[in-house]
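In: pasting the sequence and the predicted coordinates here, then a few questions.
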Amino acid sequence: MEEREDLIFLHVFLFLIALISYILIRRNQKNAAKLPPGSLGWPYIGETLQLYSQDPNVFFASKQKRYGEIFKTHILGCPSIMLASPEAARFVLVTQAHLFKPTYPKSKENLIGPLALFFHQGDYHTRLRKLVQGSFSLDNLRRLVPDIETMVVSALELWTDGNVINTFYEMKKLSFEVGILAIFGHLDASQKEELKQNYRILDKGYNSFPTKLPGTPFKKAFLARKRLQEILSEIISERKEKRTAEKNLLGCLLNSKDDNGGILSEDQIADNIIGVLFAAQDTTASAMTWILKYLHDHPKVLENVKAEQNVIHQFNVDGHLKLTWAQTRNMPITYKVILESLRMASIISFTFREAVTDVEYKGYRIPKGWKVMPLFRNIHHNPEFFSNPQQFDPSRFEVAPKPNTFMPFGSGVHACPGYELAKLEMLIMVHHLVPRYRWEVVGSESGIQYGPFPVPIHGLPARFEKESTQEKGDECGGCCDT
Ligand code: HEM
């Protein structure tokens, strides 16, 4: 009898435990924030095929239309949350940046160099960022104006041999030269050539399939990266011997000491030099190519820019005086063309972060380990922030954009430290190109190509021609002849 009572008691006890557990689980489920709307697609491949079988911008825009400003997807093997509102981008990149770490495929990290600042967070990142930012300060950039001007002038001279040129490819050469100047100051011609050759191989293999099989673009890139390390090592030794306190990036990295007097290792210096070169080249080249495309397609805007630049050319006695830093800071029409080109093209369409812990945003759960992608392009093309967003209209920048709606150079702790250099290069390029040259885009095909940055189709093939002095006279109504 006693045994039966014990059994009943045990059953009641187990039933109560199960009931309480069930109630607690339900309550937790109710309290736990839900995942954002969206689709995770097929197992493992997710929605990667949808993303790459169409223009990625169409993919993101159609998702935003369907699900709103925050939605989930699954691409490149990772569950991801996309954010298309200025507030959400600010949350991830600025106010709660410590909850989201930068994330890149390991193969790419190894090609650039794992110690490059953009792979890091925290103290190491802060230290490196200060050095990079310091080397691109306005005071340092001011000194680069004459050299950048010389580089632009000689690049343009080479474009007018009557052949069709690939504008993007030529712009890449120019932005590489400017990058080398900002990093090393003046560099021995043979060292520069060696850097150029090996960097070109690295660049070619960067987006190829990561395999160590001999002969593949990735393996070649890997070997080129090793050679780059050797060349950098040689340059570093030479500069150390000279003991000069140069203000360029290499000088800043070599002279840096932390609170305990610790200096940066050769690997830290090399990875950051390759990293900056990488961050500077295609981005700036793509922006400059788009500027040419938009100016070509908008003759009225081109006329206005020409008029602005002609005044400066005349002041400088048609090139007999050098362009000054102050003049580069006073080109309002050209500057607005640059801003509008950056908005329209949105070269960095989005960026990647990874949640380091479970995060809640506006009632939605962002699980630890998921990728988070602020979508700059969607924000730049949202009619709520930029009316008629598909129209190229530099005059819209007569009024400052609403806060956090214009982020061509990112935002927060990882925002671009090279943006002043990029803008300076674009201004000098337009200053010399527009009043003196005419360019005709070859081929009627229009469209965008991703490599991975958006570039006009086929790199904007174009034929460049020097404007004749006679036509210049015609332009000003022949007043120069009288
Ligand atoms: C038009 C040209 C450029 C554009 C559109 C651009 C855009 C950007 C953007 C959007 C980011 C932030 C990425 C993120 O948050 O994940 C970034 C970071 C960076 N950019 Fe640029 N960039 C340009 C030119 C340059 C140049 C000329 C340099 C150097 C000379 C440079 C060096 C860097 C570096 C080192 C970072 C990483 C910063 C960090 O992680 O703290 N960029 N850039």
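Out: Received the coordinates, thanks.

In: helix or strand: which one has residue 208?
Out: Assessed by DSSP states H and E, residue 208 sits outside every helix and strand.

In: poorly predicted segments of the chain, please.
Out: Scanning the chain for pLDDT under 70 picks out 1-4, 7, 10, 13-15, 17-32, 53-54, 469-482.

In: the ligand contacts on the chain?
Out: By the rule CB under 6 Å from any ligand atom, the part of the chain lying against the ligand is 117-118, 129, 132, 179, 182, 275-276, 279-280, 283-284, 287, 347-348, 351, 408-410, 414-418, 421-422. The way it works is simple: take the backbone N, C-alpha and C, and place the C-beta from them, glycine included.

In: can you flag the buried ones in these?
Out: 117-118, 129, 132, 179, 182, 275-276, 279-280, 283-284, 287, 347-348, 351, 408-410, 414, 416-418, 421-422 (16 or more other CB atoms under 10 Å).

In: make sure residue 254 is indeed in a helix.
Out: Yes - counting by DSSP: H, G, I helix; E, B strand; the rest coil, residue 254 is part of a helix.

In: which of the residues of the chain next to the ligand fall in helices?
Out: Secondary structure from DSSP state H places 129, 132, 179, 182, 275-276, 279-280, 283-284, 287, 421-422 of those in helices.

In: which two in those are spaced the farthest apart?
Out: Using CB to CB, the two most remote members of these are 129 and 287, lying 21.9 Å apart.

In: residues contacting residue 358?
Out: By CB atoms under 8 Å, 6 or more residues apart in numbering, the contact set of residue 358 is 365-368.

In: how about it, phi and psi?
Out: Backbone torsions for residue 358, taken as degrees, to the nearest 10, come to phi -60, psi 130.

In: of the contacts of residue 358, which pair is most distant in space?
Out: 365 and 368 (9.9 Å).

In: and these two? which has more neighbours close in?
Out: Set side by side, residue 365 and residue 368 show more neighbours around residue 365, with 18 against 12, by other CB atoms under 10 Å.

In: SS state for that one?
Out: Three-state call for residue 365 (three-state DSSP): strand.

In: find the closest residue to the ligand in this structure.
Out: residue 418 (2.1 Å; CB to the nearest ligand atom).

In: ok, now how distant is that residue from residue 223?
Out: Residue 418 is 28 Å from residue 223, where distance means CB to CB, to the nearest Å.

In: my understanding was that residue 297 contacts residue 392; is that so?
Out: Yes - contact status for residue 297 versus residue 392: in contact at 7.3 Å, counting by CB atoms under 8 Å.

In: who has more neighbours, those two?
Out: residue 392 (19 against 13).

In: just give me the neighbour total for the residue nearest to that one when sequence neighbours are not counted.
Out: Of all residues beyond its chain neighbours, the one nearest residue 392 is residue 294 (5.1 Å), with distances taken as CB to CB, 6 or more residues apart in numbering. For residue 294, the tally of surrounding residues (other CB under 10 Å) stands at 19.

In: quick one: residues in contact with stretch 382-389.
Out: 84, 86, 343, 379-381, 396, 401-402, 405-406.

In: I'd like these as JSON lines, with secondary structure and neighbour count appended.
Out: Putting the contacts of stretch 382-389 into JSON lines (DSSP: H, G, I helix; E, B strand; the rest coil; neighbours: other CB atoms under 10 Å) gives the following:
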{"residue": "84", "secondary structure": "coil", "neighbour count": "25"}
{"residue": "86", "secondary structure": "helix", "neighbour count": "23"}
{"residue": "343", "secondary structure": "helix", "neighbour count": "26"}
{"residue": "379", "secondary structure": "helix", "neighbour count": "26"}
{"residue": "380", "secondary structure": "helix", "neighbour count": "21"}
{"residue": "381", "secondary structure": "coil", "neighbour count": "21"}
{"residue": "396", "secondary structure": "helix", "neighbour count": "17"}
{"residue": "401", "secondary structure": "coil", "neighbour count": "17"}
{"residue": "402", "secondary structure": "coil", "neighbour count": "11"}
{"residue": "405", "secondary structure": "coil", "neighbour count": "18"}
{"residue": "406", "secondary structure": "coil", "neighbour count": "20"}
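
In: show me the two of those residues that sit farthest apart.
Out: Taking CB to CB, no two of the contacts of stretch 382-389 sit farther apart than 84 and 396, at 19.9 Å.

In: all helices of the stretch 201-350 of the chain, in order?
Out: Using DSSP state H, counting those that start in this stretch, the helices of the stretch 201-350 of the chain run over residues 217-242, 249-255, 266-297, 299-315, 325-328, 332-345.

In: need those helices in TSV (columns: distance to residue 210).
Out: Formatted as TSV, the helices of the stretch 201-350 of the chain follow (distance: least, CB to CB, whole Å):
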stretch	distance to residue 210
helix 217-242	5
helix 249-255	28
helix 266-297	16
helix 299-315	43
helix 325-328	41
helix 332-345	28
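
In: looking at those helices, which is nearest to residue 105?
Out: Nearest of the helices of the stretch 201-350 of the chain (CB to CB): helix 217-242, 11.7 Å.

In: now the residue positioned nearest the centre of the chain, what are its backbone angles?
Out: Centroid check for the chain by CA atoms, centre = their mean gives residue 348 as the closest residue, at 4.7 Å. Torsion angles at residue 348 (phi, psi; degrees, to the nearest 10) stand at phi -90, psi 100.

In: so what's the nearest residue to it once chain neighbours are set aside up against?
Out: Setting aside the residues directly before and after it, residue 348 is nearest to residue 376 in space (CB to CB, 6+ apart), at 6.1 Å. Shown in contact with residue 376 (CB under 8 Å, 6+ apart): 89, 346, 348-351, 407-408, 410.

In: from these, which is closest to residue 172?
Out: residue 348 (16.6 Å).

In: distance of that closest one from residue 370?
Out: On the measure of CB to CB, residue 348 and residue 370 end up 21 Å apart.

In: can you get me a residue count around residue 444?
Out: Residue 444, neighbours per other CB under 10 Å, totals 5.

In: tell me the secondary structure for it?
Out: When classified by three-state DSSP, residue 444 comes out as coil.

In: quick one, what contacts it?
Out: Contacts of residue 444 by CB under 8 Å, 6+ apart: none found.

In: how far off centre is stretch 336-344?
Out: Distance, stretch centre to chain centre, for stretch 336-344: 14 Å (CA atoms, centre = their mean, to the nearest Å).

In: can you check stretch 103-115 too?
Out: Put simply, stretch 103-115 sits 16 Å off its chain's centre (CA atoms, centre = their mean).

In: now the terminal residues of it, how far apart.
Out: 13 Å (CA to CA, to the nearest Å).

In: report the buried residues of it.
Out: Buried-residue list, stretch 103-115, by 16+ other CB under 10 Å: 103, 109, 111-113, 115.

In: now swap in stretch 205-215 and tell me
Out: Neighbour-count burial for stretch 205-215 [16+ other CB under 10 Å]: 205-206, 210.
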